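Peer 1: I would like to see how this sequence folds:
(one chain, ligands or ions: 1)
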Amino acid sequence: MEPEDLAKPLAPVDYDRVQHQSYARGRALPADALQAYMATFGAHLADRRPLVGIDLGSGTGRFTPSLAQAFGGPIYGVEPAAGMRRIAEAESRHPAVSYLDGRAEAIPRPDATADFVLMFLSWHHVTDRLAAAREIRRVLRPDGRLLLRSTFRNRIPDHWWRGYFPGSWDVERAMFPTEAETREVFEGNGFKTLAVVHQALPFEGDIAGAVARLKLRAVSVFEHLSDAELDEGFARMDADLAAGAIVEKPTYGDFIVFGPRPR
Ligand SMILES: C[S@@+](CC[C@H](N)C(=O)[O-])C[C@H]1O[C@@H](n2cnc3c(N)ncnc32)[C@H](O)[C@@H]1O
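Peer 2: Numbering: from 1, shown residues only. Have a look, this model is predicted:
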């Protein structure tokens, strides 16, 4: 990537073009990892059940049925990409879950009806962040919570695969806002920051499985790397896998918990 490319904003990732075909398989989480996420989210939510939730940018519904199981629901998976929604509707069904066509800037739910909104790796795709913050404030109940899980530019994780795709550092620096920028958007639009969580994440599963999943390229940073970079990186990865030389690294998942400030 040329330095001048970084000055231009990255083109948005169109999940209807490629990613929806492989996302569910490429990003699948084992049941115990899903449970651990639900416990982590639950620690920041009200104790009463059921809780009404919005999975904002729900994709293929990776978390949506688990949210219904853990918190009762109804849970609304709001997702702009029809291809992602179609997979969610086929593969991530639950009686308390509905998938809706919408986006963070226009959430198809009434005012003050949600106990929580989860944004899991969807915040950096939102183009009008001020409009999104106002919409989330609108749909949340006064004691509701926004759980915003994202990568932040100031803390980009050194994933186990990073060394194979060194260009991914620059792509992610251009792709993700900082934690401070994110807080500024919400704190300037009716929210207070309640917690900033740096969650340690273990290496998931076995390395051969991780390589196979990564090869499905269901990671949006790969959309911004050239085929040559990807081919070279995967070739080195295959050689290291055969030699038993890939280092399994733990990582971390950052999230911020926001709550509405009284009007
Ligand atoms: C990396 S995927 C995450 C999906 C899901 N939350 C998960 O963790 O599996 C990002 C999702 O955000 C969606 N997205 C893009 N722009 C959005 C917007 N403005 N509002 C809400 N979601 C958006 C994409 O279509 C995509 O499905």
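
Peer 1: In terms of secondary structure, what does the helix or strand hosting Arg134 contact?
Peer 2: Using DSSP states H and E, Arg134 falls within helix 129-139. On a contact count with 3 or more C-beta pairs under 8 Å, 6 or more residues apart in numbering; DSSP states H and E, helix 129-139 meets strand 114-120, helix 179-187. Where you see a C-beta, it was placed from the backbone N, CA and C, and this is true even at glycine.

Peer 1: Out of the ones you listed, which gets nearest to the ligand?
Peer 2: Ranking the helices and strands packed on helix 129-139 by proximity to the ligand (C-beta to the nearest ligand atom) places strand 114-120 first, at 3.9 Å.

Peer 1: Just the CA trace of that closest one, in CSV.
Peer 2: The C-alpha coordinates for strand 114-120 follow below in CSV (Å, rounded to 0.1, in the frame of the first residue of the first chain):
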residue,chain,number,x,y,z
ALA,A,114,-34.4,-1.4,24.2
ASP,A,115,-32.6,-2.5,27.3
PHE,A,116,-29.4,-2.9,25.4
VAL,A,117,-27.8,-2.4,22.1
LEU,A,118,-24.8,-4.5,21.1
MET,A,119,-22.5,-3.4,18.4
PHE,A,120,-20.0,-6.1,17.8
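
Peer 1: touching the ligand at all, that strand?
Peer 2: Yes: using C-beta under 6 Å from any ligand atom, strand 114-120 reaches the ligand at Phe120.

Peer 1: so where do the helices sit in the stretch 51-200 of the chain?
Peer 2: Ranges of helices in the stretch 51-200 of the chain, per DSSP state H, counting those that start in this stretch, are 64-71, 82-91, 129-139, 167-175, 179-187.

Peer 1: before we move on, the earlier item: reformat the helices and strands packed on helix 129-139 as JSON lines; add mean neighbour count and mean pLDDT.
Peer 2: Putting the helices and strands packed on helix 129-139 into JSON lines (neighbours: other C-beta atoms under 10 Å; pLDDT from 0 to 100) gives the following:
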{"stretch": "strand 114-120", "mean neighbour count": "24", "mean pLDDT": "98"}
{"stretch": "helix 179-187", "mean neighbour count": "17", "mean pLDDT": "98"}
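
Peer 1: Understood, closing this out.
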